[in-house]
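Asks: After the sequence you'll find the predicted model.
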Amino acid sequence: MKVIQIRVDSRLIHGQVANFWTNHLNVNRIMVISNEIVKDKMQVEMLKLSCPEACKLTVCKVVSAQNNLKNEKYENERILIIIPNIKSLVQFFEEEQMYELCRVVNLGNIPKREHTINLSRTVHLLPSEIEDVKEIDSNVSELILQMVPNNQVVTFQDALNEVKG
Amino acid sequence: MRNVCIVTHGQMGIELLVVARDFFGAGDSFQAIAFEDSMSLIDLQRKIEDCVDISNNEEILFLVDIPSGSPYNVLQLLKMVNSNIEVIAGVNLPIVLQLIATPDIEASNLIVEGREAIRE
C-alpha cells in the first residue's frame, strides 16, 4: 500500500482528477476523506458517478481513514487521497503517524472566500489556513501547488514568498 | 420548447452561445454559464439555480463540456432531485446547431448527431 499523493480539492473527483491525475500517478484507489461528505448521500452518489472505472473508491470519515491506513487495509494498492478543505487536512494530520505514510501534499482547488489570500489561480487560503499549512509543510517532504500534471510544480513556500513580494 | 443551458469551464460555453446566436440565430431558450477558476461547487450550483428555474418542472437540457468535470458533477447532483433535468457531456457546436434546428430532439438522438459531426 502506498499513498502517492494527498490532493486538497474542493471540487473532489472532477475533470482534472479523473482525466489526468489518476493516470499520471497510476493510482488504483481514490480515498475521499471528510467527516461531512460521508454523511451526505447525494455527494457520495456523485463521487461514485465521477470516479474513473480504473479506480476503486473509498469515501470515509477522517478517523476511519487514519485507521484503515494504519492497519494497511489496502494491500498492494496505490492511493490518491482527496481532501476537500484545509480543515479536514488538519484533522487528518492530527494523527502524527499519517506523516510517515503520506509524504506529498498538493493544494489543487480551494475556492475564494471572504478574506482569503490568492496563492495561485485556483488556491485561495485564509490567513489561519496559511498558518495550518505551514505547520504541515514542516512535516511532509513536498507541499506543492500543481493544478494538472502538465503544470510546473510550485512549492508552497515559493507561492507564499510570491504573495509577500 | 425546452430550455437549454450550456455550462462549461471558463468562457467556452458563453462563446459557443455567442456564435450560435450571431451566426445561427439561437433564441432566448438558450443560456450559458461560465464556471470560473475561483468558484466552489456551491458557487456553481447557486449560479445555475439563479440562472435557470429548475424547480418549476419545465424540461431543461444542460450541455456541459466534459464527463466528470465539475459542471457535470454538480448537475448530476441536481438531476437526482429534479427529474426535469437532462445532462449531456461533450457539448460541441454541431450539437447546439442541431438543437436550434430541431428543438425537441431526444437527448439520445442528439448525442448521435453530436458524434456524427466529429469526422475526418
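Replies: Arrived safely, thanks for sending.

Asks: Quick check: longest strand in chain A by residues?
Replies: Counting by DSSP state E, the longest strand found in chain A is strand A:2-9.

Asks: Could the C-alpha coordinates of it be exported in CSV?
Replies: Output of strand A:2-9 as CSV, limited to C-alpha atoms (Å, rounded to 0.1, in the frame of the first residue of the first chain):
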residue,chain,number,x,y,z
LYS,A,2,1.3,3.4,-0.9
VAL,A,3,-0.3,6.8,-0.6
ILE,A,4,1.0,8.6,-3.7
GLN,A,5,-0.4,12.0,-3.1
ILE,A,6,-2.9,13.9,-1.0
ARG,A,7,-4.7,16.4,-3.1
VAL,A,8,-6.7,19.2,-1.4
ASP,A,9,-9.5,19.8,-3.8
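
Asks: helices or strands up against it?
Replies: strand A:78-83, helix A:86-93, strand A:104-109 (3 or more C-beta pairs under 8 Å, 6 or more residues apart in numbering or on different chains; DSSP states H and E). C-beta coordinates here come from the backbone N, C-alpha and C atoms, glycine included.

Asks: quick one: contacts of the longest one?
Replies: When you say that, I think you mean helix A:86-93. Defining contact as C-beta atoms under 8 Å, 6 or more residues apart in numbering or on different chains, one finds that helix A:86-93 is touched by A:6, A:8, A:33-36, A:62, A:65-66, A:83, A:98-99, A:105, A:110, A:125-126, A:129, A:132-133, A:136, A:139.

Asks: again, only using 7 Å
Replies: A:8, A:33-34, A:62, A:65, A:83, A:98-99, A:125, A:129, A:132-133, A:136 (C-beta atoms under 7 Å, 6 or more residues apart in numbering or on different chains).

Asks: Tell me the one of these nearest A:Glu75?
Replies: Nearest to A:Glu75, judged by C-beta to C-beta, of those is A:Ala65 at 16.1 Å.

Asks: and the angle from the helix or strand where that closest one lies to strand A:78-83?
Replies: Assessed by DSSP states H and E, A:Ala65 sits inside helix A:62-70. Angle, helix A:62-70 to strand A:78-83, by axes from the mean of the first three to the mean of the last three C-alpha atoms, to 10 degrees: 160 degrees.

Asks: Go through helix A:62-70 and flag the buried ones.
Replies: Across helix A:62-70, burial judged by 16 or more other C-beta atoms under 10 Å in any protein chain shown covers A:62, A:64-66, A:68-69.

Asks: In this structure A:Leu57 contacts A:Lys48, no?
Replies: Yes. Here A:Leu57 reaches A:Lys48: they are 6.4 Å apart, a contact under C-beta atoms under 7 Å.

Asks: Who has more neighbours out of those two?
Replies: Between A:Leu57 and A:Lys48, counting by other C-beta atoms under 10 Å in any protein chain shown, A:Leu57 is the more crowded of the two (16 against 11).

Asks: where does the more buried one land on pLDDT?
Replies: Per-residue pLDDT puts A:Leu57 at 97.

Asks: which residue sits closest to it, ignoring its sequence neighbours?
Replies: A:Cys51 (4.3 Å; C-beta to C-beta, 6 or more residues apart in numbering or on different chains).

Asks: Let me see the contact set for residue 111.
Replies: Picked chain A for this. Taking C-beta under 7 Å, 6+ apart as the test, what A:Pro111 contacts is A:10, A:124, B:38-40, B:43.

Asks: Wait, chain B was what I had in mind.
Replies: B:Ile88.

Asks: All good on my end, thank you.
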